[in-house]
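> All I have is the shape, not the residue letters:
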C-alpha cells in the first residue's frame, strides 16, 4: 500500500512543522508549501492525495487556490481557518473545499479529519459508484429503495427528510453548507431559506438520533452547515 | 415664546407735546393775522390745516387732535366776524367750522399714523441690524467663551445694561464661583422659566435671569443687570427674545461641535483598539495552534494533556475578548437568523470539554425556532458550560432544559455541584470582571458572565443566576419567543 501523499500549505513555519510531524507519524508523506505560488506548483507536480490549506496566505487568497486546484484535481482539500468569520468557511467550502479545521485544533482532530477525507476519496475512486447501502451507528440507509432502518426496524421518513439524508450520505462526511443542501433538496429557489434545513434536520434527528440535542451522526457545523459523521464502510 | 414680562409696557405719554401743539397754533394765528392783510379769509383756513397736519406729523395723534380743536377755536375767535368773540354772525361759518374740524382731525390722524409707521420701520431696521450683527458674531463662535464675550460687548449695550452668560458645568450645576445668584440661575436652568427683576419669580432681585432654551433643553441662563435704567421698551424686549433664541442655538451648536469632536476621538480610539485586538488575537492564535499541536504530539502524558487544556482555555479567553471588543465597538450588530435551540445547545456542548460529567438535555422537539445570532449565542452557552465544568467536581451532572414561559422562551442550565459560595451577591457575578471567589485557583478573568449578559441583553433577553436546591448553581436565560417564519408543508411527492 502506498503512503498517502499530503500537501501542507501554511505560511507559519511552526504550524507547518507540527502538521508535518503529526502526519508523518501517521505514516504519510508530507510536502510543505509556504505560499500560494508554491502551493499551485506542488499541487500539480507532487500529485498529492490530499491538501491541507491555510486560508490566510501572504500572496493570494486561499479560496482562489482552491478554485484553481479544483479545476483539474479531485483531491480532498481541508481548510485551516484562523478567522472567526463563518462566511469565510462557507465561501471556502462552496469554492470546493471538503472540510475545515478552526485554529487552534488538536492532533487527534486533524488526523481524524485527514483520514476521513482520504477514505472518502479512495471509496469514490475505487468503485466509481458508491454502494447503495450505507450504515452509520445503528442506522442503515438504502439509497436505491429509499428505505431507512434503525436497529433493524424501518423508520418512516417523509420525501424531503429522505432527500436531505441522502444528500448528506452522498457527501460522505463532507461538510455541506446550508446553501448546498437547500439547492440539492429544495431546488435553487430556496437557496436563502436556511431555517428550512434547520426544521427538517431537527425532524431527522428526532427520528434517527439517540439524543437529538447531542447528535453523534447528523452533526451541526454552526453557521456553516451539516455533516454526516461516523459512516461505516459497507462491505 | 418666553413669557417675559407678561405685558409690554407702552411708552409713557409726554404731556409737553400738547404745549407744543398750543404754541404752534398761537404762532399760526399770528402768521394768519399777517396774511389776512393780503389774502382772503378762506386761504387762512388752509394755513391752520397745514399747521394741524405738521403738528400731528411731528408730535403724534393727541397733539394733532388738540391742534385741530384749537385751530378751529382761534379761527372763530380771531378771524370770523364778529372778531374777538366766539359769536358767529353768519351761520354759514358754522358749516365751515365743522368741515374744518373734520378735515383737520382726519389729516392730523393720517399724518400721525404715517409718522408712527416711519418710526416703527426705523426701529425695525435698527433691530434687524443689531440682530444681524449679533447673529454674524455668534455664527463664527466656536467656544462658549466667544459667546460670553458677544453677550458682554454686543448685546449688553443694545439693552442698556450688563449682560452675562451663565453656563452649567458637565454635572448640570451652575458654578458657584460665577456671577449673580447661583441658586436663582440653577432654578431658571432647571425650570426653563425666567426669574428676578421684572418677572413673577423673585422680582426683588436686582438682575433678571432668562433661560436659553432650545427645542431639546435649557442650555444656559442669561443674566441681565440694568441698574436704575428704565424698564425695557417693546423694541428692546423683542430684541431680547431674539437674542435668547440666537444664544441658545449658538450654545447648542458649540455643544454639538464638542460632542462631534469627542466622538471622533472616541471612534479613532475604538478603531485603534479593535485593530490591536484582532492583531493580538491573530498573533496569539498562531502560537496557540503550534503549542496545542506540539503538545498533542507528546502523547497522552499528564503534562501534555495539561498543556492542551491550558491552550484551549486561553483560546476561549481570546474568543471572549474578541466578542467583548466587537460588542463594545460596533454597538451590537447581530446576525439574526431563526435557529433551533437544541441545535445550538448541541453545538456548544460539542465545543466544551466536559470531562466525565453527565449531561441531561431536556428540550421539547416542538419548541419553536428562535431568532438569534448563533455565533454569539453559542459563546454564551459555551461560557455557561465552561463555568459549570470549572466550578463542579468531575462527577457532577449538568441539566439543560428549555420551555415556554408565557411569551418567552426559557433556557435553564443547572448543575449539582457545590453552587455559589455563601455570602456572595449572585447578580453581581454578571458585572464586569467579577468572580465568585476572590483570587481563587480556578482560571478565568470573569469576563465570561458579563459578556454573556451583554450578548443576551443585545438579543432583548435577560440572564439571571440562582441557587439550586439542595446544592448547585442555576442559570436562566429568557428570550422573546417571536414569530418564526413559516415552513411550507411538505409536498407529498
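That came through fine. All figures in this text were calculated on a predicted structure; none of them were measured in a lab.
> mind listing the strands for chain A?
Using DSSP state E, the strands of chain A run over A:5-9, A:29-33, A:50-54, A:77-81, A:99-102, A:133-136, A:139-142, A:147-150, A:153-155, A:176-177, A:218-221, A:225-228, A:231-232.
> Throw those strands into a markdown table and include mean pLDDT, thanks.
Supplementary listing: these in a markdown table, determined by pLDDT from 0 to 100:
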| stretch | mean pLDDT |
| --- | --- |
| strand A:5-9 | 94 |
| strand A:29-33 | 94 |
| strand A:50-54 | 94 |
| strand A:77-81 | 91 |
| strand A:99-102 | 89 |
| strand A:133-136 | 86 |
| strand A:139-142 | 90 |
| strand A:147-150 | 90 |
| strand A:153-155 | 90 |
| strand A:176-177 | 92 |
| strand A:218-221 | 90 |
| strand A:225-228 | 91 |
| strand A:231-232 | 78 |
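> wait, which of those strands is closest to chain B?
strand A:218-221 (4.9 Å; Cβ to the nearest Cβ). Backbone N, C-alpha and C define where each C-beta goes, glycine included.
> what helices or strands is that closest one leaning on?
Where contact means 3 or more Cβ pairs under 8 Å, 6 or more residues apart in numbering or on different chains; DSSP states H and E, strand A:218-221 is packed against helix A:194-208, strand A:225-228, helix B:341-351.
> Adjacent strands (with direction) for that strand?
Here strand A:218-221 is paired, per DSSP bridges, with strand A:225-228 (antiparallel).
> From residue A:119, how far out is the residue in chain A that chain B sits nearest to?
Residue nearest to chain B within chain A (Cβ to the nearest Cβ): residue A:107, separated by 3.3 Å. Counting by Cβ to Cβ, to the nearest Å, the gap from residue A:107 to residue A:119 is 18 Å.
> and the spatially most central residue of chain B, how far is that from chain A?
Taking Cα atoms, centre = their mean as the criterion, residue B:216 is the residue nearest the geometric centre of chain B, at 3.3 Å. As judged by Cβ to the nearest Cβ, to the nearest Å, residue B:216 and chain A stand 40 Å apart.
> Quick check: chain neighbours aside, which residue is closest to residue A:60?
The shortest distance from residue A:60 to any non-neighbouring residue, by Cβ to Cβ, 6 or more residues apart in numbering or on different chains, is to residue A:36 (3.5 Å).
> ok, that neighbour to residue B:455 distance?
Residue A:36 sits 36 Å away from residue B:455, going by Cβ to Cβ.
> Compare those two and say which is more crowded by neighbours.
Each of residue A:36 and residue B:455 has its neighbours counted (other Cβ atoms under 10 Å in any protein chain shown); residue B:455 has more, 26 against 21.
> Okay, the more buried one and chain A: tell me how far apart.
Distance from residue B:455 to chain A, counting by Cβ to the nearest Cβ: 14 Å.
> right, and that residue touches residue B:377 too?
Yes - at 6.8 Å, residue B:455 counts as touching residue B:377 under the criterion of Cβ atoms under 8 Å.
> can you list the domain ranges for chain A.
For chain A, automatic domain parsing gives the domain ranges A:5-127, A:133-232.
> Could you list the buried residues of the least confident helix or strand in chain B by mean pLDDT?
Across the helices and strands of chain B, mean confidence by mean pLDDT, DSSP states H and E is lowest for helix B:302-329: a mean of 80. Judged by neighbour count using 16 or more other Cβ atoms under 10 Å in any protein chain shown, the buried positions of helix B:302-329 are B:304, B:307-308, B:311-312, B:314-327, B:329.
> that older thread, share the number of residues neighbouring the residue lying closest to the residue nearest to the centre of chain B once chain neighbours are set aside, please.
Here the nearest residue to residue B:216 in space, its sequence neighbours aside, is residue B:252; by Cβ to Cβ, 6+ apart that works out to 7.0 Å. The number of residues packed near residue B:252 is 18, by other Cβ under 10 Å.
> For residue B:252, give me the pLDDT.
For residue B:252, the model assigns a pLDDT of 89.
> Which helix or which strand is home to it?
Element membership of residue B:252 [criterion: DSSP states H and E] is helix B:234-297.
> Find out how far that helix is from the centre of the chain, if you would.
In terms of Cα atoms, centre = their mean, to the nearest Å, the centre of helix B:234-297 is found 19 Å from the chain centre.
> what sits against the residue of the stretch 201-350 of chain B found nearest chain A?
The minimum distance from the stretch 201-350 of chain B to chain A, using Cβ to the nearest Cβ, falls at residue B:296 (3.3 Å). Contact analysis of residue B:296 by Cβ atoms under 8 Å, 6 or more residues apart in numbering or on different chains lists A:22, A:106-108, B:304, B:308.
> Adding distance to residue A:62 as columns, could you present these in a markdown table?
Output for the contacts of residue B:296, formatted as a markdown table (distance: Cβ to Cβ, whole Å):
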| residue | distance to residue A:62 |
| --- | --- |
| A:22 | 20 |
| A:106 | 22 |
| A:107 | 22 |
| A:108 | 24 |
| B:304 | 30 |
| B:308 | 26 |
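> Quick check, pLDDT for the closest residue to chain A within the stretch 101-250 of chain B.
At 38.2 Å from chain A, residue B:170 is the closest residue in the stretch 101-250 of chain B, using Cβ to the nearest Cβ. You'll see residue B:170 listed with a pLDDT of 79.
> and residue B:259, how many residues sit next to it?
Close neighbours of residue B:259, defined as other Cβ under 10 Å, add up to 10.
> Quick check: it vs residue B:170, distance?
Distance of residue B:259 to residue B:170, computed by Cβ to Cβ: 12 Å.
> Find residues that contact each of those two.
By Cβ under 8 Å, 6+ apart, residue B:259 and residue B:170 have no common neighbours.
> How about the residues of the stretch 301-450 of chain B by chain A?
Selection of the stretch 301-450 of chain B residues close to chain A by Cβ under 8 Å from any Cβ of the partner chain yields B:308, B:311-312, B:315, B:319, B:322, B:335, B:337-340, B:342-347, B:349-350, B:359, B:361, B:363, B:365, B:369, B:374-375, B:378, B:400.
> if I read this right, residue B:367 contacts residue B:409, doesn't it?
Yes - Residue B:367 sits in contact with residue B:409 when judged by Cβ under 8 Å, with a separation of 7.1 Å.
> dump the residue contacts of the residue nearest the centre of chain A.
Centroid-nearest residue in chain A: residue A:174, 2.3 Å away (criterion: Cα atoms, centre = their mean). Residue A:174 makes contact with A:98-99, A:117, A:120, A:227, according to Cβ under 8 Å, 6+ apart.
> and residue 13, how many residues sit next to it?
With no chain named, the answer covers chain A. 11.
> Hmm, no, I was thinking of chain B.
Per other Cβ under 10 Å, the neighbour tally for residue B:13 reads 9.
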